[in-house]
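*Asks:* return atomic coordinates for the entry below.
(2 chains)
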Protein chains: 2
Amino acid sequence: MMVVKRIPEICATRLSSYLRVLKTLGERKLETISSEALADRINSNPAQVRRDLAYFGQFGRPGIGYNVEKLKGAITKILGLDKRWPCVLVGAGNLGSALYAYRNFYKEGFEIKAIFDNDPNKIGKAWGCRKIEDAKDLSTIVKQRKIEIGIITVPAEASQEVADKLIAAGVKAILNFAPRKLTVPQSAKLRNVDLSVELENLAYFLSKPR
Amino acid sequence: MMVVKRIPEICATRLSSYLRVLKTLGERKLETISSEALADRINSNPAQVRRDLAYFGQFGRPGIGYNVEKLKGAITKILGLDKRWPCVLVGAGNLGSALYAYRNFYKEGFEIKAIFDNDPNKIGKAWGCRKIEDAKDLSTIVKQRKIEIGIITVPAEASQEVADKLIAAGVKAILNFAPRKLTVPQSAKLRNVDLSVELENLAYFLSKPR
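*Replies:* Numbers count the residues shown, from 1 in each chain, chains lettered A, B, ... in the order given. Predicted coordinates:
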């Protein structure tokens, strides 16, 4: 039996990267991979790979490497990706639309079960097989559909209010794309993706005297 | 005269956050802000704010705070956002389309001067006032339009090849959305945004025994 220890968050992030590599290998029907090859593909080093994977049992065999399918299954399980996570998308703008259409989310176990907006011109419109719903009904619908993850793609000004509503409705984890730092209770998890900050960081790099 | 010292990258990221706060304040016509208020809005602490801002001169006055306009101007300059950065978008899928439509990019000084795809059904189609161009012409056009930043939104399999082509054509900084770690020369800058990893991290948090 596999004993699952608590692993640090940064390790969870690397596990996601390993999983992505293993999926590619699986498609190519490779049976094993060495810690060196795995490290190489995620710009890490073999010792780090072995340390990370040691957290949840013995999958490697010296001289042979890791069994791709077994390791994939184990990581999928430890990351909680062996179930489908019901998500809600708040903000039916361009970014929301791209995320909704982002096939990888679904493939990896995330299902957007509701889309909300407060713009009367958007409410009722269909994205694929799902209709954009009125933000006024957010609390009711989030509870009804047992939604656990909220994705925020509204403008900055509205983002904290949306986060508060999501948390009040029972959402436990939020992925925020609005360019504003949000506050959530300690019991909830928040990840921010600020696309402008990423570009600004590149601009800073380019404008530095070299 | 302001003496600009080298600042660490993490500080540059926080400067981006300060800038976003200052812009909001400017819209509301606030003249000054204290380090406490600034810290509060980016989930930091006043000492950190004062340390960060001390890197590039004296803008704060004890008991009064920072002058919003002056500080905004100084950060804009140090981040290299006082010019317009010519960018190229490679991969005209849903995510590419969202990024292209993301108004903040333009507002903050990033201009997408070319969009490429290798899909004959997409080449020639217009996004706003810009036509999707043939990926075959990437090198020529990137050089002609003096493009400095590349944004990669192609599938994982094609991403390294695109990165190589961009670098060969003179691009110095890349923002990669493809779910694969890329390799670029030391002289270039790479930032990765992996949207699935963000969601997986939330899933891991939710599935942990608590």
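*Asks:* other SSEs contacting the longest helix along chain A?
*Replies:* Identified as the longest helix of chain A according to DSSP state H is helix A:9-27. Packing partners of helix A:9-27 (3 or more Cβ pairs under 8 Å, 6 or more residues apart in numbering or on different chains; DSSP states H and E): strand A:32-33, helix A:35-41, helix A:46-54, helix A:68-78, helix B:195-207. C-beta: built from backbone N, CA, C; applies to glycine.
*Asks:* which residues touch that helix?
*Replies:* Contact partners of helix A:9-27, identified using Cβ atoms under 8 Å, 6 or more residues apart in numbering or on different chains, comprise A:7, A:33, A:38, A:41-42, A:44, A:48-49, A:52-53, A:55, A:68-69, A:71-72, A:75-76, A:78-79, A:81, B:156, B:179-181, B:194, B:196-197, B:200-201, B:204-205.
*Asks:* ok, which of the helices and strands packed on helix A:9-27 comes nearest B:Gln186?
*Replies:* Nearest to B:Gln186, of all the helices and strands packed on helix A:9-27, is helix A:35-41, at 17.3 Å by Cβ to Cβ.
*Asks:* and that closest one, what's buried?
*Replies:* For helix A:35-41, burial by neighbour count (16 or more other Cβ atoms under 10 Å in any protein chain shown) applies to A:Ser35, A:Ala37, A:Leu38, A:Ala39, A:Asp40, A:Arg41.
*Asks:* chain neighbours aside, what residue packs nearest to the second one?
*Replies:* If the residues on either side of it in the chain are set aside, A:Ala37 comes closest to A:Gly65, at 7.4 Å by Cβ to Cβ, 6 or more residues apart in numbering or on different chains.
*Asks:* list the contacts for the one you found?
*Replies:* By Cβ under 8 Å, 6+ apart, the contact list for A:Gly65 reads A:Thr32, A:Ile33, A:Ser34, A:Ser35, A:Ala37.
*Asks:* and if you look at A:Ser44?
*Replies:* Per Cβ under 8 Å, 6+ apart, neighbours of A:Ser44: A:Arg14, A:Leu38.
*Asks:* and the gap between A:Gly204 and B:Ala158?
*Replies:* I think there's a mix-up here, since residue A:204 is Tyr and not Gly. Using Cβ to Cβ, to the nearest Å, one gets 28 Å for the distance from A:Tyr204 to B:Ala158.
*Asks:* A:Leu30 too?
*Replies:* In terms of Cβ to Cβ, A:Leu30 sits 20 Å off from B:Ala158.
*Asks:* likewise for A:Glu111?
*Replies:* Counting by Cβ to Cβ, the gap from A:Glu111 to B:Ala158 is 27 Å.
*Asks:* with A:Ile147 instead?
*Replies:* A:Ile147 sits at a distance of 34 Å from B:Ala158 (criterion: Cβ to Cβ).
*Asks:* next: A:Lys189.
*Replies:* Per Cβ to Cβ, A:Lys189 is found 33 Å from B:Ala158.
*Asks:* neighbour count: those two, which is higher?
*Replies:* Each of A:Lys189 and B:Ala158 has its neighbours counted (other Cβ atoms under 10 Å in any protein chain shown); A:Lys189 has more, 20 against 16.
*Asks:* tell me if I'm right that the more buried one and A:Asn176 touch.
*Replies:* No. A:Lys189 is beyond contact range of A:Asn176, at 11.0 Å (criterion: Cβ atoms under 8 Å).
*Asks:* where is the longest strand in chain A?
*Replies:* Assignment by DSSP state E gives strand A:110-117 as the longest strand of chain A.
*Asks:* partners of it in the sheet?
*Replies:* According to DSSP bridges, strand A:110-117 forms sheet pairs with strand A:85-90 (parallel), strand A:130-134 (parallel).
*Asks:* A:Lys122: neighbour count?
*Replies:* 19.
*Asks:* separation between it and A:Ile149?
*Replies:* Going from A:Lys122 to A:Ile149 by Cβ to Cβ gives 22 Å.
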